[in-house]
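> Have a look; sequence and predicted model below, questions after that.
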Amino acid sequence: MQARREKLQRLREANVDPYPHSFTRKQLAADILSDFDAYEGKEVAVAGRLMSLRRMGKASFAHLEDSSGRIQLYIRRDTVGEQNYEIFKLVDIGDIVGVTGSVLKTRTGEITIEVSEFRILSKTLRPLPVVKEKVEGDKRLVFDAFADKEQRYRQRYVDLIVNREVREVFVKRSKIIGSMRNYLLSRGYLEVETPILQPLYGGATARPFTTHHNTLDMTLYLRIANELYLKRLIVGGYDGVFEFAKDFRNEGMDRFHNPEFTMMELYVAYEDYHFMMDLVEDMFCTIAKAVNGSYQLTFQGKEIDLTPPWPRIPLLEAIEKETGFDLYEKPVEELRKIADELHISWDKSWGQGKFIDEIFSEKVEPKLIQPVFITDHPLSLSPLAKKHRDKPGLVERFEPFIAGKEMGNAFTELNDPIDQRERFMAQVALREMGDDEAQPLDEDFLRALEYGMPPTTGLGVGIDRLVMLFTDQASIRDVLFFPQMRPEQYRD
RNA sequence: GAGGGUAUAGCUCAGCUGGUAGAGCAGCGGCCUUUUAAGCCGUUGGUCGAAGGUUCGAAUCCUUCUACCCUCACCA
């Protein structure tokens, strides 16, 4: 760093502005690389960061990387002038430069810009981890990669500069969200925004973050979901509303959980969960085509095929198929015995729903590698879902599973205000028994339902997990630019 | 929240059973006008995550702490 400050000083002494205000670039690296014939011998102007430097006495090679890719530069003293070549010697890997020059191919066949003019656009003061790479055929071998996860997450900017694949993951993330948004907009649904700071949290079972508003002198919660607000909008008369929502849950963190995460929620009036299953299937396939160009994908070594139709299996059937036990309407005492037989440890406080949920996630979930809709969950686990039209004790709900992971959650929405009030009361009772994740009663939401909500189906999709799936990333931290970390002791 | 692992130069790592720290790359100084993980010669650089302890002596053994990673628990 000391050396770089000195170079900065020397640049200033040579009357070179190390931080000029702009540079007019005319091409991206990829433009030139992909159409050499058109550019050969022509003058081009590109700008980007120097990622490698091979200096010889009177000529140098370097690689310049911009958002599109990496192109080689050839700087000759005779072309650039002695004075400029001296200035070029003050350049470091990591510096951002703009160059003009003409396009040629070197002896070894690499497309290269022979630089006639170069300008330092931003002098770096910190050394970049130098990552060397070697291209062998279409394989890219990387040496001494910047790989320390802690540093990569804490200094994501460095990670992004140096690790191209990381940049690509986030480009894909944007494409996934973009194609989902297009899909929903093209079907005529309205993208909306609802409060993040809520006086009452609801729409999911989770512990919230709590904050305080000074002027109103009241407690506010960061939303754990936006479900109840979106349904109010359906009451208000919109046929379909959706929101890409940052939600916040004050719970443990691991490779599938970050305290803030993104969920897309969608509500469509006059439809039920069968409609929503069709939509999910079609939407996921549309995204897969748009982003990966294929219904097939590999996730952590597993081959996954999204080609529709996806099987739709009632949850209890899935359990029965896997374990041989039919759990429907079984009393708790019997469920305890079954759990024992399946070697699942349980707690006295567990009700029917909890047993079913546990047995499912223990015995069935890990096997759901190929896409499947698991449907018709126990009522006690789904306080906002409408009762099943034929199966008492169950609700009309489904969860799409891919690669052993739940990718979303949807139901035919409960629009009977009296039933909804009863469900809330049951939650309140749980709460009083010490379940701090049970949902609080939302009087205004009930009032909205009392004004009448059309039959409606709703969906929530965990966007981060979806991105993990499509980009083959094992950890949620690898699909978030800035995953939550403990503060570092900043030393320099 | 519980268990396990990791922490050595800017980056990637080595350092055996305790003897006072090393390599490659980067940096710095030279040589080199088609190189590409450029090469050659020379060279700088580390309170070995932090604090304490055992010892004549600790990067190495012990304790505590901190951060990160993995697994489990809770959850999406």
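Good, I have the coordinates. Numbering: from 1, shown residues only, chains lettered A, B, ... in the order given.

> Could you name the specific helix or strand carrying A:E114?
Element membership for A:E114 (DSSP states H and E) is strand A:111-122.

> List the pairing partners of that strand within its sheet, with orientation.
Strand A:111-122 has its sheet partners listed here by DSSP bridges as strand A:69-76 (parallel), strand A:96-105 (antiparallel).

> So the shortest one, near RNA strand B or not?
Yes - contact of strand A:69-76 with RNA strand B (Cβ under 7 Å from any atom of the strand) involves A:Q72, A:Y74, A:R76. Yep, even glycine has a C-beta here, placed from its N, CA and C like the rest.

> how many other residues sit next to the nearest residue to the last one once chain neighbours are set aside?
Once its chain neighbours are removed from consideration, A:R76 has its nearest residue in A:A59; the separation is 4.6 Å (Cβ to Cβ, 6 or more residues apart in numbering). For A:A59, the number of neighbouring residues by other Cβ atoms under 10 Å comes to 16.

> Isn't A:A59 up against A:Y74?
Yes - here A:A59 lies in contact with A:Y74, judged by Cβ atoms under 8 Å, at a distance of 7.0 Å.

> Need the residues touching each of the two.
Shared contacts of A:A59 and A:Y74 (Cβ atoms under 8 Å, 6 or more residues apart in numbering): none.

> circling back to that earlier point, gap between the residue nearest to A:R76 and RNA strand B?
Look at A:A59 and RNA strand B: by Cβ to the nearest atom of the strand, to the nearest Å, they are 4 Å apart.

> got it, and A:K89?
A:K89 sits 8 Å away from RNA strand B, going by Cβ to the nearest atom of the strand.

> which one of the residues of strand A:69-76 next to RNA strand B sits closest to RNA strand B?
Checking the residues of strand A:69-76 next to RNA strand B against RNA strand B with Cβ to the nearest atom of the strand, the nearest one is A:R76 at 4.0 Å.

> which residues sit in contact with the closest one?
For A:R76, the contact set (Cβ under 8 Å, 6+ apart) comprises A:K58, A:A59, A:E114, A:V115.

> Without its sequence neighbours, what residue ends up closest to A:P308?
Of all residues beyond its chain neighbours, the one nearest A:P308 is A:E281 (4.9 Å), with distances taken as Cβ to Cβ, 6+ apart.

> Same question for A:R336.
Nearest residue to A:R336, sequence neighbours excluded (Cβ to Cβ, 6+ apart): A:W346, at 6.1 Å.

> what do you get for A:G41?
Residue nearest to A:G41 in three dimensions, not counting chain neighbours: A:S102, with 5.8 Å by Cβ to Cβ, 6+ apart.

> my guess is the one you found contacts A:E43, does it?
Yes - counting by Cβ under 8 Å, A:E43 is a contact partner of A:S102 at 5.5 Å.

> ok, these two, which is more surrounded?
The residue with more neighbours, out of A:S102 and A:E43, is A:S102; 17 against 14, by other Cβ under 10 Å.

> what residues are up against that one?
A:G41, A:K42, A:E43, A:V44, A:I113, A:E114, A:S116.

> just A:Y183 next, same as before
A:M283, A:T286, A:I287.

> That one belongs to a strand?
No - counting by DSSP: H, G, I helix; E, B strand; the rest coil, A:Y183 is not part of a strand but helix.

> Check the spacing between it and A:I402 real quick.
With distances taken as Cβ to Cβ, to the nearest Å, A:Y183 is found 17 Å from A:I402.

> Please apply the same query to A:M56.
In this view, A:M56 and A:I402 are 53 Å apart by Cβ to Cβ.

> Looking at those two now, which is surrounded by more residues?
Higher neighbour count among A:M56 and A:I402: A:I402, with 23 against 10, using other Cβ under 10 Å.

> where does the residue nearest to A:R336 land in three-state SS?
Under three-state DSSP, A:W346 comes out as coil.

> Give me the neighbour count for it.
Neighbours around A:W346, by other Cβ under 10 Å: 17.

> Return the set of buried residues in the strand holding A:E114.
Buried positions in strand A:111-122, judged by neighbour count with 16 or more other Cβ atoms under 10 Å: A:I111, A:T112, A:I113, A:E114, A:V115, A:S116, A:F118, A:R119, A:I120, A:L121, A:S122.

> Quick check: what element follows that strand along the chain?
Next element after strand A:111-122 (DSSP H and E): strand A:132-136.

> In CSV, please show the C-alpha coordinates belonging to that next one.
What follows is strand A:132-136, C-alpha atoms only, in CSV (Å, rounded to 0.1, in the frame of the first residue of the first chain):
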residue,chain,number,x,y,z
LYS,A,132,-3.8,-16.5,-12.1
GLU,A,133,-5.6,-18.4,-14.8
LYS,A,134,-4.7,-20.6,-17.6
VAL,A,135,-7.1,-21.4,-20.4
GLU,A,136,-6.7,-24.9,-21.8
